[in-house]
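**Q** Here is a sequence with its predicted model. Questions after.
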Amino acid sequence: MNFNNEPVYVGRDFGGRSLTIDREAIDLYCEAVAVGSSRYAATAPALILHSECYQNLEWYLKNIMGNLHARQEWHLYGSISPGQRVTTRGFIRERYIKRQREYVVKETWVQDDEGHLLNRGITHQSFPLPDDADTAVFAVDKDREKSTARRFEIGGRGGATLEPLERLISQSMCMAFSGPMKNYHNDKEEARKLGFPDIVVQGMLPICLISEVLTGEFGDGWLVGGQMDVRLVNVLWGEETATARAEVTDETSEAGTTRVHLDVWVEKPDETKVIVGRASALRR
């Protein structure tokens, strides 16, 4: 079923796949975000399937020039063990227009063999409107983030700060995270074909850096019960340095334990924010 021959409609189910989260997949993730694999000897990373929503791109609109990952939500319900079999499923949750761009929202589930929901990812992807006649050389250039409109204030409320995580996002990291095929997330020439001057680091990579900060602080309290809702507000380009940060804003009681609420963000050395948003985890 579709509407007026429109293939990307709310409710469309794209199905998914069954796969085993093996040690090779875990090691590749650790290589891509430059963390020691010993952290994940007994469990898989919370966002091991960070890009499952992009396995099938039939949910993209036709006008892909300058498309951007705009917002990401995560809801974590159960951990995944190395060697565990899981099943994924994705569907269109929402479409909307905002600030001269059209957004498609895809929700992706990961379930175990018994049908238990392990996590939900909700991905907001934005596309230029079909009649938007933009004659600029680049859909997004490196001067965009210098505008005062692209400055975002977050943190500084006085709460406890978590240990930050800094990474130089090299081309090899981009290939490990977004490869093995060349695309605009790991190859400069491919990026230019889609209207970008340089490699656009896949938005899930800095989001995974935030996840690593939260894993380091909360362990299972992030892997089982963690939540995140972040906006991708500026582009992180290849060979730039990114630092993931988190600051406690509040604590609430929940089922005999404590839920810790945090401001989370990723920034460049000049404090340009790449990701801003909120997260929470359980302190067990």
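**A** Yep, that arrived. Numbers count the residues shown, from 1 in each chain.
**Q** quick one, strands of this protein?
**A** 13-15, 18-21, 68-76, 84-98, 101-112, 117-128, 165-168, 227-232, 241-254, 257-267, 273-283 (DSSP state E).
**Q** Can you tell me which of the ones you listed is nearest to residue 219?
**A** Residue 219 sits nearest to strand 273-283 of all the strands of the chain, at 9.0 Å, using CB to CB. From N, CA and C alone the C-beta is placed, and that goes for glycine too.
**Q** May I have the strands that pair with the closest one, each with its orientation?
**A** strand 227-232 (antiparallel), strand 257-267 (antiparallel) (DSSP bridges).
**Q** Where does the prediction get shaky in this structure?
**A** 1-4, 132-139 (pLDDT under 70).
**Q** got the angle for the lengthiest helix in it vs strand 117-128?
**A** The residue-count maximum for a helix in the chain (DSSP state H) belongs to helix 204-218. In terms of direction (axes from the mean of the first three to the mean of the last three CA atoms, to 10 degrees), helix 204-218 departs from strand 117-128 by 150 degrees.
**Q** Buried residues, helix 204-218. List them.
**A** 204-215, 217-218 (16 or more other CB atoms under 10 Å).
**Q** which non-adjacent residue is nearest residue 268?
**A** residue 240 (5.9 Å; CB to CB, 6 or more residues apart in numbering).
**Q** before we move on, the earlier item: can you state the direction angle for the longest helix of the chain and strand 241-254?
**A** Going by the same axes, to 10 degrees, helix 204-218 makes 50 degrees with strand 241-254.
**Q** Just the terminal-to-terminal distance for stretch 149-163.
**A** The straight-line separation of the ends of stretch 149-163 (CA to CA, to the nearest Å) is 29 Å.
**Q** And the contacts of it?
**A** Residues outside stretch 149-163 that contact it (CB atoms under 8 Å, 6 or more residues apart in numbering) are 144, 213-214, 216-217, 233-234, 245-250, 262-263, 265, 272-273, 276.
**Q** With stretch 237-246 instead?
**A** Against stretch 237-246 from outside (CB under 8 Å, 6+ apart): 142, 155, 161-162, 164-171, 174, 186, 188, 198-201, 206, 209-210, 212-214, 217, 236, 262-269, 274-275, 279.
**Q** Identify the bridge partners of residue 96.
**A** residue 103.
**Q** show me what contacts it?
**A** So residue 96 contacts 102-103, 105 (CB under 8 Å, 6+ apart).
**Q** Would you mind measuring from it to residue 7?
**A** Plainly put, residue 96 is 18 Å away from residue 7 if you go by CB to CB, to the nearest Å.
**Q** Same question for residue 121.
**A** In terms of CB to CB, residue 121 sits 21 Å off from residue 7.
**Q** At the geometric centre of the chain, which residue do we find?
**A** residue 204 (3.0 Å; CA atoms, centre = their mean).
**Q** Touching, that residue and residue 50? I think so.
**A** Yes: contact status for residue 204 versus residue 50: in contact at 4.3 Å, counting by CB atoms under 8 Å.
**Q** related to what we said a few turns ago, wait, what's in contact with the residue nearest to the centre of the chain?
**A** Contacts of residue 204 (CB under 8 Å, 6+ apart): 47, 50-51, 69, 72, 177.
**Q** And these, which two are furthest apart?
**A** 72 and 177 (14.8 Å).
**Q** residues contacting residue 262?
**A** 159, 162, 214, 246-249, 278-281.
**Q** Can you report how many residues neighbour the spatially closest residue to residue 267 that is not a sequence neighbour?
**A** Nearest residue to residue 267 in three dimensions, chain neighbours excluded: residue 273, at 5.2 Å (CB to CB, 6+ apart). Burial of residue 273 is recorded as 21 neighbouring residues (other CB atoms under 10 Å).
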